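> Sequence and predicted structure, then a few things I'm wondering about:
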Amino acid sequence: TSDAHGLLKASCILVSNWGLMQNSWVAAGLFWKTVCLGCGFVVVATPQPERQTIPLAVNATPWGADAIRLQVASGRQPTQDDGTTPLLQRPPSPPLSCSPTPAIHDNLQVSCGADGARYFRRQSDGTLLLTETVEFGTVPLDGQSTPPLTVNWQVGGSTVFGLGQQRQTCYPEGGRQTPTNGRVFASGQTLTFDLAAGEGGAANTLPWFYGTTIGVGADWGLWVNIASTGNITLDSTDDNNRSITIFFDAASHLDYIVTTHPGAAPLSNRTFSLLERFTEWVGRSPGLPDWALGYWHSKNRYASQQELLTAAHGFANRSIPVDIIVIDWMHWKVQGDWHFDPSFWPDPTAMVRELKGLGMEVMVTVWPFSFNGSRSFDKLNSSGWLVQSISNRPAPVYEPDGLHGGLVDPTQQAAREYVWSMIKDGYYQHGIRVFWLDASEPEYYEMPAWGRVAGRDATFKDRTFSEIGQMFTWFWVQTMHEGLKAAGETSSVMLPRAGYAGTWRFGAGLWSGDIHCNFDTLAGQVQTALSAQTSGFGLWTSDIGGYSAGPGGNCDATNSSYREVIVRWFQFGVTSPIFRQHGQRDTEVWLFGTDAEAAITSIIRWRASKKAYLTTEMNKLRDSGRPINRPLWWDFPHDPHTWSCNSTFMFGDQYLVSPVVGPGIRQQEVYLPCPSTTSSCQWRHEWTGDLYNGNNLHMIDTPLAHFPLFERLFE
């Protein structure tokens with residue numbers, strides 16, 4: 001009834017939306033609830049839509065070790081290209097039949113039931129892992145040619161992790177709306193992709209899931225190979241009956257891959273093996289080259305060549321090593337020039353040469369928009385290389401100073417080649433080979449309230465945003481990767497503000513957007529980092545120190561309270577895969593006062609001294625997708641203490657980190673695990689050299705000069 005719906009709407013909490021859409025839960029008749037995207041979930045129950053009986057065609061295909069890809073369509077074979085063909089890298093194997101007997105591949109089996117559901121079981125012990133049902137819509141939404149799709153997986157008592165990057169806070173005690181069990185992110189928050197696009201990429205949600213059992217590790221992994229925009233919810237009626245429901249705005253058929261671990265896999269390897277499979281399917285990050293492993297320095301913004309050089313020499317004169325120094329936006333005359341304004345940047349070639357002499361590579365920001373009057377607009381517009389609306393009108397994004405602008409359509413090979421030719425002429429020819437792909441959600445593109453063209457009305461050349469909008473950044477980073485490779489570069493290093501499965505295989509990282517400069521935000525960044533990296537985004541970073549003040553905030557370098565924030569953020573950031581400061585403020589470290597400068601300088605130098613270790617860890621990321629930062633339970637799943645929702649995590653295989661994420665904290669409890677709960681082991685404090693026994697909780701001193709960082713002294 002409408003009253004019941006109103007009650008549910010009031011009581012349920014919208015938490016995750018990937019895609020550029022509005023109110024799809026209304027169109028789908030669904031209500032989206034609380035989810036935990038990096039720490040698991042226990043959430044509010046809501047009714048599921050009635051299931052319709054539809055004749056289905058099912059293709060089952062082995063997809064690497066212990067994995068089966070399932071494609072399901074209504075009334076036809078699910079063989080047509082849905083736009084994600086370039087995403088998956090493994091060639092298909094001979095098909096399996098899942099009816100009337102189960103299809104078996106390694107340690108996984110799937111049976112297609114007479115009831116219209118698909119059942120996945122682990123072969124070694126018969127455990128039911130997932131049950132899937134799908135409903136195909138018949139009426140396309142908002143002028144789309146492809147109708148929507150709703151799919152549900154029943155996951156039993158599994159605690160679910162994954163789902164990409166989520167900017168949220170992990171409660172010390174969590175669960176449902178009143179936290180109770182330590183596995184819930186930010187109960188009560190609302191996150192949607194369109195809001196994220198407007199303020200800096202809060203969430204980059206991926207349909208990649210782990211199902212886990214506390215004390216055991218991951219049982220299964222699920223990748224949904226559909227790039228349509230839509231909504232996702234994790235739901236539960238009780239702790240043994242949980243489900244995942246996804247509504248896609250426009251999807252021709254269902255396409256997903258399920259994997260599990262080998263039957264004899266040790267506990268400590270089970271979760272790693274699932275991420276290894278996922279990154280095998282969509283591609284692995286190459287890691288960072290040696291020249292990008294140290295400190296990246298940035299601010300909004302260095303307005304001229306001379307201002308940038310002055311800052312660079314300030315670091316060099318203080319013997320503070322900087323690997324990459326960044327030129328932010330507005331260095332152009334008109335957006336879409338992809339070229340320096342010579343009035344402020346008179347000799348980029350000489351500038352880059354001088355900076356490389358100081359040991360610094362130059363990174364420049366590149367936005368995916370072109371505006372009337374820029375070097376590129378006429379060619380892009382006349383060639384049909386800008387995103388259009390479904391009604392074939394030009395699709396403007398925003399109009400600064402009255403200039404009409406468009407979004408590049410990077411799904412077209414010719415458009416990518418042309419854009420790279422402009423970037424090569426504007427930047428690469430000067431010696432710049434590192435690109436900051438800002439606003440790559442794309443920003444401004446799902447803001448109907450601001451008078452923008454809604455993403456749902458936008459279309460690439462062959463497919464609409466609703467069909468493959470989540471792959472925009474994938475094609476955009478491919479543009480730079482192809483160009484760099486053609487130019488003879490062996491390494492691609494890029495930093496987009498959005499991402500999708502496999503963007504990392506082009507050398508693309510990810511950062512958490514325009515965040516506030518306070519301790520509450522810093523605390524949330526720990527969980528954001530773990531959620532992103534354990535979902536495949538191996539090269540992750542945040543704006544060290546926060547980007548902007550927010551209401552009532554003060555990020556000024558002279559503010560003594562903020563000086564504590566910036567030091568503690570550097571201590572967290574130094575253990576991130578990408579070590580980078582950025583902000584809408586002065587960011588030169590000598591401006592923060594003597595004590596803060598000394599602490600930050602020491603941190604930057606420590607990072608530079610660890611390049612050999614970082615290279616080893618980057619090679620593991622490249623070879624197996626092994627994340628550099630992950631929760632303790634990945635390495636020590638047998639120990640229930642490691643499943644607690646706190647700020648302690650691994651920095652590669654050898655270091656345990658527990659950053660200080662609150663003001664005035666000069667002591668902090670840190671739990672140090674061992675390979676088993678009955679064995680003995682030791683950890684060494686990185687700064688004091690003191691030894692600590694594992695399987696114990698320790699009170700650690702945390703003066704401003706250092707933070708809890710421990711090296712493991714055991715195999």
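That came in fine, so what should we check first? Numbering: from 1, shown residues only.

> Counting residues, name the longest strand you see in the protein.
strand 203-213 (DSSP state E).

> So the residue of the chain positioned farthest from its centre: helix, strand or coil?
What lies farthest from the middle of the chain is P100; by C-alpha atoms, centre = their mean that is 39.7 Å. Here P100 takes the coil state, with states given by DSSP: H, G, I helix; E, B strand; the rest coil.

> what do you get for S124?
Per three-state DSSP, S124 ends up coil.

> any idea how far the residue lying closest to it once chain neighbours are set aside is from T473?
Once flanking residues are discounted, S124 sits nearest to G263: 3.1 Å by C-beta to C-beta, 6 or more residues apart in numbering. The way it works is simple: take the backbone N, C-alpha and C, and place the C-beta from them, glycine included. Plainly put, G263 is 37 Å away from T473 if you go by C-beta to C-beta, to the nearest Å.

> who's more crowded, those two?
Applying other C-beta atoms under 10 Å to G263 and T473 shows that T473 carries more neighbours, namely 26 against 12.

> can you give me the strands in the stretch 601-715 of the chain?
Taking DSSP state E, counting those that start in this stretch as the test, the strands found in the stretch 601-715 of the chain are 629-631, 649-651, 655-657, 667-672, 682-685, 691-693, 696-701, 709-712.

> gap between G263 and G156?
According to C-beta to C-beta, G263 and G156 sit 19 Å apart.

> make that A508, sorry
According to C-beta to C-beta, A508 and G156 sit 35 Å apart.

> what does T205 give?
T205 sits at a distance of 23 Å from G156 (criterion: C-beta to C-beta).

> which one of these two has more residues nearby?
T205 (29 against 17).

> N225 reaches L254, doesn't it?
No: assessed by C-beta atoms under 8 Å, N225 is found out of contact with L254, at 9.2 Å.

> quick one: which of the two has more around it?
Neighbour count, other C-beta under 10 Å: between N225 and L254, L254 has more, with 28 against 21.

> Grab the nearest non-local neighbour of the more buried one.
V72 (4.1 Å).

> tell me the contacts of the one you found?
Each residue near V72 by C-beta atoms under 8 Å, 6 or more residues apart in numbering is listed here: L56, A57, V58, N59, P78, R118, V134, H253, L254, D255.

> Could you confirm it falls within a strand?
Yes: assessed with three-state DSSP, V72 lies in a strand.

> For it, name its beta-bridge partners.
Beta-bridge partners for V72, by DSSP bridges, are V58, L254.

> V224 versus that one, what's the distance?
12 Å.

> where do the contact lists of these two overlap?
Contact criterion C-beta under 8 Å, 6+ apart; residues shared by V72 and V224: D255.

> give me the low-pLDDT residue ranges for the stretch 601-715 of the chain?
Applying pLDDT under 70 to the stretch 601-715 of the chain flags residues 645.

> repeat for the chain
For the chain (pLDDT under 70), the answer is 1-54, 79-82, 166-203, 391-403, 444-456, 645.

> List phi and psi for Q77.
phi -80, psi 130 (degrees, to the nearest 10).

> Could you find the closest non-adjacent residue to it?
That would be A57: by C-beta to C-beta, 6+ apart, it lies 5.1 Å from Q77.

> swap in G221?
In space, G221 is closest to L274, 3.8 Å off (C-beta to C-beta, 6+ apart).

> Who are the contact partners of that neighbour?
By C-beta under 8 Å, 6+ apart, the residues touching L274 are Y210, A218, W220, G221, T259, T260, H261.

> what's the longest strand of the chain packed up against?
strand 17-18, strand 159-166, helix 193-199, strand 217-224, helix 267-282 (3 or more C-beta pairs under 8 Å, 6 or more residues apart in numbering; DSSP states H and E).

> Ok, which of those comes nearest M699?
When these are compared by C-beta to C-beta, helix 267-282 sits nearest M699, at 27.4 Å.

> next SSE after the closest one?
For helix 267-282, the following helix or strand on the C-terminal side (DSSP states H and E) is strand 295-297.

> who touches that following strand?
311, 315, 320-326, 363, 541, 578-581, 587, 604, 607-608.

> That one - which strands sit beside it in the sheet, and in what orientation?
strand 324-327 (parallel), strand 579-581 (parallel).

> Same list (these) but as a markdown table, adding mean neighbour count and distance to N693.
As requested, the strands paired with strand 295-297 are exported to a markdown table (neighbours: other C-beta atoms under 10 Å; distance: least, C-beta to C-beta, whole Å):
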| stretch | mean neighbour count | distance to N693 |
| --- | --- | --- |
| strand 324-327 | 24 | 40 |
| strand 579-581 | 24 | 31 |
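
> got the CA positions of stretch 217-233 in CSV?
Only the C-alpha atoms of stretch 217-233 are listed here, as CSV (Å, rounded to 0.1, in the frame of the first residue of the first chain):
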residue,chain,number,x,y,z
GLY,A,217,38.1,-15.6,5.3
ALA,A,218,36.5,-15.2,1.9
ASP,A,219,34.2,-18.0,0.6
TRP,A,220,33.3,-16.6,-2.8
GLY,A,221,33.8,-13.7,-5.1
LEU,A,222,31.2,-12.2,-7.5
TRP,A,223,31.8,-9.8,-10.5
VAL,A,224,28.8,-8.4,-12.4
ASN,A,225,30.0,-7.7,-15.9
ILE,A,226,27.5,-5.0,-16.7
ALA,A,227,28.5,-1.3,-17.0
SER,A,228,25.0,0.1,-16.9
THR,A,229,24.1,2.7,-14.4
GLY,A,230,21.9,1.6,-11.6
ASN,A,231,21.4,0.9,-7.9
ILE,A,232,22.6,-1.7,-5.5
THR,A,233,21.5,-2.8,-2.1
